[in-house]
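1. Below: sequence and its predicted model.
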Amino acid sequence: MVSTDPKKLLAFIDNAKGYWIIQKYIERPMLVNGRKFDIRTWHLISALKPNTTLKVYTYDEGVLRLSSKKYKNSNFDDQFTHLTNNAIQQEHPEYGKNEKNNLLDLTDLDPILQKAHMDYKGESKLPSKPLTTCGDVIPSINRTVMDTLKCILDFLLPQPYAAYHLLGYDFMLTETGKVVLLEVNLTPGTSPDRVSRMVSSLVELCIDPEFDCGRPASESNAFKYVGDIDL
């Protein structure tokens, strides 16, 4: 839900069940051809032995999820402009018109960053060179993932058994390239064409070792090691 009316927000929370988080709206997001986008990344947490160090991995094929309508900093009830969730956008009549399933690969981000740097007319000072996906965005995402996981160790642990969990993180970039965390999904979805590689890589890292297959994860494994979280 997006609203500029605090009474409307409070009424929504009062009538809803569970816990809710209120976030400040990002009024000046980075755009792709005038449309909003967010970044979906997948992260794997594994503990091959009970109550041991957690290992954190990032799936190497993140995606950009785009809105169907041009961005305007107004009319916040228009979800097709302001919310980039696939479940919402697929209801728009022009869904998939510009990109298949309104998706771009994370590898498409570099030219977007370059254009945003060139077109920027705001007041904040920018770096002398455009940001890059591998040099700036992904490291920032991975730092955020590690920080958020350290905040919820009580939720993740203790585990009396070996375990793993796949999480979906959603981020947005401001017009200056700042990486902002939107939310973390405990049961993330993905597109059908990514399922096979994602599952086989997960099994190789988290399931095979339990059966003493005797081989380390291959270099082509889609989950790339980020770091450890000590208990």
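-> Now that the structure is in, tell me what you want to look at.
2. Show residues contacting the lowest-mean-pLDDT helix or strand in the chain.
-> Using mean pLDDT, DSSP states H and E, helix 153-156 stands out as the lowest-scoring helix or strand of the chain, at a mean of 75. By C-beta atoms under 8 Å, 6 or more residues apart in numbering, the list of residues contacting helix 153-156 from outside reads 45, 54, 149, 165, 229, 231. Backbone N, C-alpha and C define where each C-beta goes, glycine included.
3. count of neighbours near the nearest residue to N85 once chain neighbours are set aside?
-> Leaving aside its sequence neighbours, N85 sits nearest to R65 (C-beta to C-beta, 6 or more residues apart in numbering; 7.2 Å). If you count neighbours by other C-beta atoms under 10 Å, R65 ends up with 20.
4. Can you name the next helix or strand after the strand or helix carrying R65?
-> Here R65, judged by DSSP states H and E, is contained in strand 63-66. Reading on from strand 63-66 to the C-terminus, the next helix or strand found by DSSP H and E is helix 79-82.
5. Give the rounded mean pLDDT of that following helix.
-> For helix 79-82, the mean pLDDT works out to 92.
6. elements contacting it?
-> Contacts defined by 3 or more C-beta pairs under 8 Å, 6 or more residues apart in numbering; DSSP states H and E place helix 79-82 against helix 86-89.
7. Show me which residues of the helix it packs on are buried.
-> Residues 86, 89 are the ones in helix 86-89 that count as buried (16 or more other C-beta atoms under 10 Å).
8. now swap in stretch 202-221 and tell me
-> 202, 204-206, 209, 221.
9. now do stretch 52-59
-> Judged by neighbour count using 16+ other C-beta under 10 Å, the buried positions of stretch 52-59 are 54-59.
10. would you turn those residues into a markdown table with distance to N85?
-> Putting those into a markdown table (distance: C-beta to C-beta, whole Å) gives the following:
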| residue | distance to N85 |
| --- | --- |
| L54 | 28 |
| K55 | 29 |
| V56 | 25 |
| Y57 | 24 |
| T58 | 21 |
| Y59 | 19 |
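11. just those residues now: which is nearest T133?
-> Closest to T133 out of these is T58 (12.5 Å), distances taken as C-beta to C-beta.
12. My read is that the closest one contacts K224, right?
-> Yes: if you go by C-beta atoms under 8 Å, T58 and K224 touch, sitting 5.4 Å apart.
13. quick one: low-confidence parts of the protein?
-> Under the criterion pLDDT under 70, the flagged ranges of the chain are 51, 157-159, 213-215.
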